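1. Sequence and predicted structure below; questions after.
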Amino acid sequence: MAVYDNRDELKKILDRYLAGEATPEEIRLLESWDVLLDGRVDAFAELGPDGKERLRAEMESRLLSFIDRQPQKIFFKRWFYYAAAVLLTTSLVAANFYQPWQKSKPGANKVLQTSIVPGGNKAVLTLADGRKVALNQQQAGIIIAHNVVKYADGSVVFHPGKNEMTQAEEGDNIITTPNGGQYQIVLPDGTKVWLNAASSLSYPAHFKTGRREVKLTGEGYFIVNNRPSAAGNPVPFVVRTNGQEVYVLGTELNVNAYEGSPNVITTLVNGKVRVNTNGKLSAELKPGEETVLAASGDLKKRQADVMAATAWRNGIFYFKDTPLQDMLPQIARWYDIDFSYQGTIPHELFSGKMSRKVQLSVLLTFLANSGIDYKMEGRKLIIK
C-alpha cells in the first residue's frame, strides 16, 4: 500500500471517497485508519449541505489526527551517482530512493564537503602466540587448513615453524575487523564466514573431534559445512556470543551480536538451529525465523526479514521502516565515524536499499533531502 504524508492529497482522497470515485487502494487506506465512522458514510448522499459538511469535517479530523500520530515514513528515490573516471568501478552505483510528495526540507540546500569513503576489506589476524598480522586489503578473505593460513589466490599469510606447531594447534586465533572493515574466512572444516564491520571471530586451528566451536562479537554470516565424524555422526557447530550459544548443522545463518546493542539477533536462512541462552532458555528455528535475545535475558522467536538481516553480506544497506537511531549505527560502523544527537531524536522511518560502495556524502545528501538536519565535525556526524 502506498504511503501518504501530504495533507492536501489526503483531503482529496477523502473527497473522492465521498463522491464515490476513490480507488480500492484508497478505500482500504481509509478503512485501515478508521476514518469511515462505522458505516455512517453510507447515508452521506441523503444528508443536507450542513450535515454533509459536519460529517466530512469529522472524518477529516480523524484522518489528520491519525497522520499526526504516525512517524513520517521516508522512501528512497531512484537516482544514479556521478564519479570521476578513475573511480568509475566503485562509484557508478544505483541507490533506490523514493520519497513521496517532494517538498522543501530544512536540510535540502546543505552544501556537502564530506568525502569519507566507504569501508572495504580490512582485518587483523591475531595468532595464538599474540602476534598480529594485518591482512591484505586487496584480498577478500583467508582460508585456514592444517595450521596454514592462505589467501584465496594461494599466497601464504602464516605458516607455523616447527617450534610453533604445538601452540598453533592448541591456541585460538582471532580475526578482527575494524569500523569500516569486512573480511571472509574459510575455517578448517570448510565452514565459510563473512565478518561485518567492527566484529571479531575466535576459532581454533583444529576443531575438536566431537564439537566445532567459534566465538563471535559483532556480526557474522555463516554457511556451515555439514561434516560428519569418523563414525558418521553429525558434529555440531556452535557459535557463542554474549549470552547465548547457537547449535547448527549444515546451516546458513546470520548472527548480529554487537556489544552495546540492546539485542542479539540470530536469523536462519537455511537448515535448522537451536539457540540456547545462559539463562537456559531455548528455541529452535526454521528457515525464515529468528530469535531476539534481550539484555534482560528474555528470548523471543519471530518471523524474520531475511533480506534486511543479510543485505550487508551482499554489499547493500537495506532498510524497511527503520528508525534513524537503528540506521545510524550501521552507517557509523561502515564509514568509521561517530554520531550524536542534539535535542530530540527525529522520528522518521526509512525504507529502501543502497549500495555500501557509495561515499558517505551520498548518504548525507539523502538524509538532508529527507529533512534530517545535521553537521559534520571531522569524522563525527551530529544530528540536530
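-> All right, it came through fine.
2. Domain map for this protein?
-> The chain breaks down by automatic domain parsing into domains covering 7-69, 73-116+315-383, 120-310.
3. helix, strand or coil for Asn179?
-> coil (DSSP: H, G, I helix; E, B strand; the rest coil).
4. And Ala309, by the same measure?
-> Under three-state DSSP, the three-state class of Ala309 is helix.
5. got a list of what it touches?
-> With contact taken as CB atoms under 8 Å, 6 or more residues apart in numbering, Ala309 is in contact with 254, 256, 265, 267, 290. Using the backbone N, CA and C atoms, a C-beta is placed for each residue, glycine as well.
6. These into CSV, with extra columns for pLDDT and distance to Phe350?
-> Listed next are these as CSV, based on pLDDT from 0 to 100; distance: CB to CB, whole Å:
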residue, pLDDT, distance to Phe350
Asn254, 97, 20
Asn256, 97, 18
Ile265, 97, 19
Thr267, 97, 20
Glu290, 96, 21
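7. Show me what the closest residue in space to Lys301 that isn't next to it in sequence bridges to in the sheet.
-> Excluding the flanking residues, the one nearest Lys301 by CB to CB, 6 or more residues apart in numbering is Ala283, at 4.7 Å. Counting by DSSP bridges, Ala283 is bridged to Val275.
8. Put the buried members of the contacts of Ala309 into a PyMOL selection.
-> Buried residues within the contacts of Ala309, by 16 or more other CB atoms under 10 Å, are selected in PyMOL with:
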select buried, resi 254+256+265+267+290
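9. CSV please, covering the contacts of Ala309 and showing secondary structure and distance to Ala304.
-> Below are the contacts of Ala309 laid out as CSV (DSSP: H, G, I helix; E, B strand; the rest coil; distance: CB to CB, whole Å):
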residue, secondary structure, distance to Ala304
Asn254, strand, 9
Asn256, strand, 11
Ile265, strand, 8
Thr267, strand, 5
Glu290, strand, 4
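10. Of the contacts of Ala309, just say which sits nearest to Ser355.
-> Nearest to Ser355 out of those is Asn254 (CB to CB; 19.2 Å).
11. Pop out the phi and psi values for the residue lying closest to Ile144 once chain neighbours are set aside.
-> Distances taken as CB to CB, 6+ apart place Pro188 nearest to Ile144, at 5.2 Å, with adjacent residues excluded. Main-chain torsions, Pro188, degrees, to the nearest 10: phi -60, psi -30.
12. And Arg54, by the same measure?
-> According to degrees, to the nearest 10, Arg54 has phi -70, psi -40.
13. Check the spacing between it and Phe237 real quick.
-> From Arg54 across to Phe237, the span is 67 Å (CB to CB, to the nearest Å).
14. Comparing these two, which residue is more hemmed in?
-> Between Arg54 and Phe237, counted using other CB atoms under 10 Å, Phe237 has the larger neighbour count: 25 against 12.
15. With Gly243 as the reference, measure out to that one.
-> For Phe237, the distance to Gly243 - CB to CB - is 19 Å.
16. Lys300 too?
-> Look at Lys300 and Gly243: by CB to CB, they are 13 Å apart.
17. Any regions of the stretch 1-150 of the chain where pLDDT drops low?
-> 1-7, 25, 28-48, 51, 62-114 (pLDDT under 70).
18. Check the burial of Glu244 by counting its neighbours.
-> Not quite, residue 244 is Gln, not Glu. 23.
19. Right, I'll leave it there.
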